[in-house]
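A.B. asks: Here is my input; please provide its structure:
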Amino acid sequence: MHVGMGVIFQGQGEGRTDRNVYRNELRFGDLAEPLGFESLWGVEHHFTDYTMCPDVLQYLTYFAGRTSRIQLGSMVVVLPWHHPMRVAEEVVMLDHLSNGRVIFGIGRGLGRVEFEGFGVNQEDSREFFTEAAQMILEGLERGYCEYDGRLVKQKRRDIRPRPFKSFRGRTYAAAVSPESSQIMAQLGIGILIIPQKPWELVAQELNAYRTVFRDVNGIDAPPPIVGGWTYCDESRDRAEEYARKYIGEYWNSVVKHYEIVGTHLLNMRGYEAYKQMQEMANAPGGVDALVEFFLNLQVWGTPEMIYEKILDIQRRTGAEAYTGIFSYGAMPYEMAEASLRLFAGEVMPELKRCVPVEDQLIARAGIGSHADASAFRLPI
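C.D. replies: Numbers count the residues shown, from 1 in each chain. This is a model prediction of the structure:
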């Protein structure tokens, strides 16, 4: 099984400065390749201490120069906050700088504070994402971008430096709603799963996505990549205590950043899938119930427990890749590092035996010469 590691730069913690967060989180990133992780991931967020990485491609460029083999993944570039021509240029430039190690993850965003901060109409996000994604994905295959949509308009311009190998099979998108997963299937890209709904429902939506993907593209969908908030400890009781504390603190930062307690998502066009979550959060005891629900979806425990939890996720989703996030919610850095090292030493070797590297689609994606865009259909 492909095992990755995410660094998210959460700013919570009494007495922590942004400088302190960056020094420690970058140090964790430096551990990823020596410890044997196969990919290193970053996120994009703006304006709050929820996560303080406003430019995920710049972060990955930093690590492209500090590593030699590890794949570099964006989780995700939020397309409505960017000019799509610039995204196409920047991701190809990063692919050159990293010698083709990019896993390109894209999404459409949820935080009102971020949309308002960029002056972007959030209700247009799904349509903009779809148009921008189609333009970028086509551009990455043919070496130039050109598009005439309702929201995205681009005169034909070459991408320089030119793409030197295909991004097909190494492009993924975060999808939460059934509508979004259908769009991803039609665009021909894989799914990034951040656990936040029952696994039974995730499996149903994945099956629908796979059906559309095969109908449109004529091939099977790539296995999804699953991320998870991870805490590993030799003691079962201590693992539960600290997971409950720090994963709980992370979820509370989600509630704050995304304004889950409130009403703005109840009637927002394009975000109907979040209505139930906001209704639950607004109910008495709703936030506490959501914390418990989120905690039970994540991966924590002894090495043996974590191994079994990830295998259970693999069986439910067909994932061939797991990305662990180890530092979050004001967890002391020495505790996060101990968890990371224990996971890398005892859990990761066993996971890698489950799906050997030669069988991992994510490891083989994009290998070869530049692809002919005519081989792929992008119908939207």
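A.B. asks: May I ask which helix or strand encompasses the nearest residue to residue 324 once chain neighbours are set aside?
C.D. replies: By the measure of Cβ to Cβ, 6 or more residues apart in numbering, the closest residue to residue 324 outside its immediate chain neighbours is residue 230, 3.8 Å from it. No exception for glycine: its C-beta is placed from N, CA and C like everyone else's. Using DSSP states H and E, residue 230 falls within strand 225-232.
A.B. asks: is it fair to say residue 21 lies in a helix?
C.D. replies: Yes: Residue 21: assigned to a helix according to DSSP: H, G, I helix; E, B strand; the rest coil.
A.B. asks: separation between it and residue 42?
C.D. replies: From residue 21 across to residue 42, the span is 14 Å (Cβ to Cβ, to the nearest Å).
A.B. asks: More neighbours: which of those two?
C.D. replies: Neighbour totals were compared for residue 21 and residue 42, and residue 42 leads with 27 against 21 (other Cβ atoms under 10 Å).
A.B. asks: Can you list the low-confidence ranges for the stretch 101-250 of the chain?
C.D. replies: Along the stretch 101-250 of the chain, the model assigns pLDDT under 70 to residues 176.
A.B. asks: ranges for the strands of it?
C.D. replies: Secondary structure of the stretch 101-250 of the chain, counting by DSSP state E, counting those that start in this stretch: strands at 102-107, 144-148, 153-158, 171-174, 190-193, 225-232.
A.B. asks: Take these and write them to CSV, including mean neighbour count and distance to residue 60.
C.D. replies: Conversion of these to CSV gives the following (neighbours: other Cβ atoms under 10 Å; distance: least, Cβ to Cβ, whole Å):
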stretch, mean neighbour count, distance to residue 60
strand 102-107, 26, 7
strand 144-148, 16, 21
strand 153-158, 12, 23
strand 171-174, 24, 14
strand 190-193, 26, 15
strand 225-232, 26, 16
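A.B. asks: looking at those strands, which is closest to residue 328?
C.D. replies: Judged by Cβ to Cβ, the one of those that comes nearest to residue 328 is strand 225-232, at 6.0 Å.
A.B. asks: so what does that closest one touch, helix or strand wise?
C.D. replies: Under the contact criterion of 3 or more Cβ pairs under 8 Å, 6 or more residues apart in numbering; DSSP states H and E, strand 225-232 touches strand 2-7, strand 190-193, helix 236-257, strand 299-301, helix 303-317, strand 321-325, helix 333-342.
A.B. asks: Please name every helix or strand in contact with the fifth one.
C.D. replies: Under the contact criterion of 3+ Cβ pairs under 8 Å, 6+ apart, helix 303-317 touches helix 199-217, strand 225-232, strand 299-301, strand 321-325, helix 348-354.
A.B. asks: Can you add distance to residue 68 and give the strands of the stretch 101-250 of the chain back as a markdown table?
C.D. replies: Compiled in a markdown table, the strands of the stretch 101-250 of the chain are given as follows (distance: least, Cβ to Cβ, whole Å):
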| stretch | distance to residue 68 |
| --- | --- |
| strand 102-107 | 15 |
| strand 144-148 | 30 |
| strand 153-158 | 29 |
| strand 171-174 | 23 |
| strand 190-193 | 25 |
| strand 225-232 | 22 |
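A.B. asks: among those strands, which is nearest residue 250?
C.D. replies: Closest approach to residue 250 among the strands of the stretch 101-250 of the chain is made by strand 225-232 (6.0 Å; Cβ to Cβ).
A.B. asks: What strands line up against the closest one, and which way round?
C.D. replies: Using DSSP bridges, the strands paired with strand 225-232 are strand 190-193 (parallel), strand 299-301 (parallel), strand 321-325 (parallel).
A.B. asks: Quick check: residue 253 touching residue 50?
C.D. replies: Yes: assessed by Cβ atoms under 8 Å, residue 253 is found in contact with residue 50 at 5.3 Å.
A.B. asks: Now do the shared contacts for the two.
C.D. replies: Shared contacts of residue 253 and residue 50, defined by Cβ atoms under 8 Å, 6 or more residues apart in numbering, comprise residue 10.
A.B. asks: re the thing from before, list just the one of the strands paired with strand 225-232 that sits closest to residue 32.
C.D. replies: Using Cβ to Cβ, the strands paired with strand 225-232 put strand 321-325 closest to residue 32, at 10.3 Å.
A.B. asks: So what's the gap between that closest one and the chain middle?
C.D. replies: Its chain's average C-alpha position is 10 Å from that of strand 321-325, according to Cα atoms, centre = their mean, to the nearest Å.
A.B. asks: Please apply the same query to stretch 100-118.
C.D. replies: The chain centre lies 10 Å from the centre of stretch 100-118; the measure is Cα atoms, centre = their mean.
A.B. asks: and it, C-alpha only, in PDB?
C.D. replies: Backbone C-alpha positions of stretch 100-118 (Å, rounded to 0.1, in the frame of the first residue of the first chain) are rendered in PDB as follows:
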ATOM      1  CA  GLY A 100       7.800  14.400 -12.500                       C
ATOM      2  CA  ARG A 101       6.900  13.700  -8.900                       C
ATOM      3  CA  VAL A 102       3.700  15.700  -8.700                       C
ATOM      4  CA  ILE A 103       0.400  14.300  -7.700                       C
ATOM      5  CA  PHE A 104      -2.100  17.000  -8.600                       C
ATOM      6  CA  GLY A 105      -5.000  17.400  -6.200                       C
ATOM      7  CA  ILE A 106      -7.700  20.000  -6.900                       C
ATOM      8  CA  GLY A 107     -10.900  21.100  -5.100                       C
ATOM      9  CA  ARG A 108     -13.500  23.900  -5.000                       C
ATOM     10  CA  GLY A 109     -13.400  25.100  -1.400                       C
ATOM     11  CA  LEU A 110     -15.900  25.600   1.400                       C
ATOM     12  CA  GLY A 111     -14.800  28.400   3.800                       C
ATOM     13  CA  ARG A 112     -16.900  31.600   3.500                       C
ATOM     14  CA  VAL A 113     -14.000  33.600   5.000                       C
ATOM     15  CA  GLU A 114     -11.800  32.500   2.100                       C
ATOM     16  CA  PHE A 115     -14.300  33.200  -0.700                       C
ATOM     17  CA  GLU A 116     -15.100  36.600   0.700                       C
ATOM     18  CA  GLY A 117     -11.500  37.400   1.200                       C
ATOM     19  CA  PHE A 118     -10.800  36.800  -2.500                       C
END
